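Participant: Could you work out the structure for the sequence below:
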Amino acid sequence: MGSAFAIDIDPDVIARAKDGDKSAFKTIYEVFEKPVYSLAFRFCQNHATASDILQECMLQVFRSIHQFREEAPFWSWLRKIAINQALMQIRRDKRDDQLEVLVDDQIDLSSIAARSAIERDLATAFAMLAPVRRAVLWLFAVEGYSHYEIAEATGYSESFSKSQVMRARRQLKNWWRRRGGGDLPVLDTDYDEHT
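Facilitator: Numbers count the residues shown, from 1 in each chain. From the prediction side, this is the model:
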């Protein structure tokens, strides 16, 4: 389940951080602050919540850096921590009625303004998904998690994960068509292959 978004950091920085070097921790924070924040924002679509997730993630990294075994890239290890922090936030905020909500009132679309027209449209559509549905779709379609892995990470069942991906895809397609966009090719792919 490797990420396409590889970020390198000098192994010496990791070794120094494991030895308690504060400047190494600062370097780790500076290198990974933006990618962790961006990942958190993808899940929650709220700047304040994304900042909270970033802080919790970095605290967890600093507490458990000695557990990093260097068997995988550091960013892969840190990214799993960030995803788990985002999922914990979603679970904290979860309400049964959220699963059918079309628009999250806390969406901040300001970061969408600088993108191309199609990127803005897709980001807007993605932001309109309910938080749990958005997280499941992101884990499945972008991170490459299987439905089994999503079930393990979220505490829901595999069938719940499959239904959320299907409903999210349908919701995004319908939104896109209502805007006159025709077919949305990125969602016409059958993602269910990596169940």
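
Participant: list the helices and strands the longest helix along the chain packs on?
Facilitator: Determined from DSSP state H, the single longest helix within the chain is helix 22-44. With contacts defined as 3 or more Cβ pairs under 8 Å, 6 or more residues apart in numbering; DSSP states H and E, the secondary structure elements packing on helix 22-44 are helix 11-18, helix 47-64, helix 74-93, helix 131-137. Bear in mind the C-beta positions are built from the backbone N, C-alpha and C, glycine included.

Participant: Now the last one - C-alpha only, CSV.
Facilitator: By that I understand helix 131-137. As requested, the backbone C-alpha atoms of helix 131-137 are provided in CSV (Å, rounded to 0.1, in the frame of the first residue of the first chain):
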residue,chain,number,x,y,z
PRO,A,131,-16.9,13.1,6.4
VAL,A,132,-17.0,9.3,6.8
ARG,A,133,-17.8,8.8,3.2
ARG,A,134,-15.0,11.2,2.1
ALA,A,135,-12.5,9.4,4.3
VAL,A,136,-13.5,5.9,3.0
LEU,A,137,-13.3,7.1,-0.6
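
Participant: quick one on the thing from earlier: would you mind finding the most buried of the helices and strands packed on helix 22-44?
Facilitator: Mean neighbour count, computed with mean count of other Cβ atoms under 10 Å, is highest for helix 131-137 among the helices and strands packed on helix 22-44, reaching a mean of 24.
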